[in-house]
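A.B. asks: Just need the structure, nothing else, for what follows:
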Amino acid sequence: MPLRVTFVAAARSSSLLAERFDDDRPLDQAGWEEVQRAAPELVPLAAAELRYCSPTPRSRATGDALGYGPLVQLALRDCDMGRWRGLTLGEAMAREPESVDTWLADPRATPHGGESLLDFISRVGDWLDTRPIEDGGRIVAVAEPAVVRAALVYALKAPPSTYWNLDVRPLSTTVVTGRAGRWNLRFEFPQSARA
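C.D. replies: Model (predicted):
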């Protein structure tokens, strides 16, 4: 059986309009409440043999609140946004509109002085490809939505521009199955819909 990796997008730490690059704020009250509402569906994932998370406070707190006791993985950190760290997309656009346009159009561009989109996708993909392989092994990883998007682009071998067309919501789950270099996206019914 293939390896099964379930990504759980971290709960939010702010409204979606206030999302910031390299956001390292903890969960806000709304985020904690969302975790509590989603817990019945997400807690069973704690049965995975390996449990990981991004190093951000909200990823760690989400994993801990769900009882995963996740191991922090630096490779699952958000994209390094250089001097745009802590800014919203709108703030970066107001300061450097041409640089933002370049960054959005060219996956190799690093106008912010940080990591390119292509390097970010590759880093997350390398992490995915180096997971311990056991037949039927299960892994759960709580990560920032951007990390989940990067993992999907990598798993599907999609063009980097696909990254901009993926919408990963807080506390959503995404499952990929397979082995290094051979990943498949898997769609499943929630536990509550199975009868």
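A.B. asks: drop to CA atoms for contacts and neighbour counts, all remaining ones
C.D. replies: Noted.
A.B. asks: for the helix or strand hosting Thr6, packing partners?
C.D. replies: Thr6 belongs to strand 3-9 when assigned by DSSP states H and E. Packed against strand 3-9, as judged by 3 or more C-alpha pairs under 8 Å, 6 or more residues apart in numbering; DSSP states H and E, are the following elements: strand 138-143, helix 145-156, strand 173-179.
A.B. asks: now that strand against strand 173-179, angle please.
C.D. replies: With axes from the mean of the first three to the mean of the last three C-alpha atoms, to 10 degrees as the basis, strand 3-9 and strand 173-179 are set at 160 degrees to each other.
A.B. asks: residues of the helix or strand following strand 3-9 that come out buried?
C.D. replies: Toward the C-terminal end, the helix or strand that comes next after strand 3-9 (DSSP H and E) is helix 29-42. Within helix 29-42, the residues scored as buried using 16 or more other C-alpha atoms under 10 Å are 31-32, 34-35, 39, 42.
A.B. asks: And for stretch 167-177?
C.D. replies: Taking 16+ other C-alpha under 10 Å as the basis for neighbour counts, the residues of stretch 167-177 that come out buried are 168-171, 173-177.
A.B. asks: Please work out the average pLDDT along the strand holding Thr6.
C.D. replies: The average of the pLDDT scores along strand 3-9 is 96.
A.B. asks: Direction included, what does that strand pair up with?
C.D. replies: Here strand 3-9 has these sheet partners by DSSP bridges: strand 138-143 (parallel), strand 173-179 (antiparallel).
A.B. asks: Measure how the first one sits relative to helix 145-156, angle-wise.
C.D. replies: Translated: strand 138-143. Computed by the same axes, to 10 degrees, the angle between strand 138-143 and helix 145-156 is 140 degrees.
A.B. asks: With distance to Ala155 and mean pLDDT added, can I get the strands paired with strand 3-9 in a markdown table?
C.D. replies: A markdown table is the format used below for these (distance: least, C-alpha to C-alpha, whole Å; pLDDT from 0 to 100):
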| stretch | distance to Ala155 | mean pLDDT |
| --- | --- | --- |
| strand 138-143 | 15 | 96 |
| strand 173-179 | 7 | 94 |
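A.B. asks: Perfect, I'm done here.
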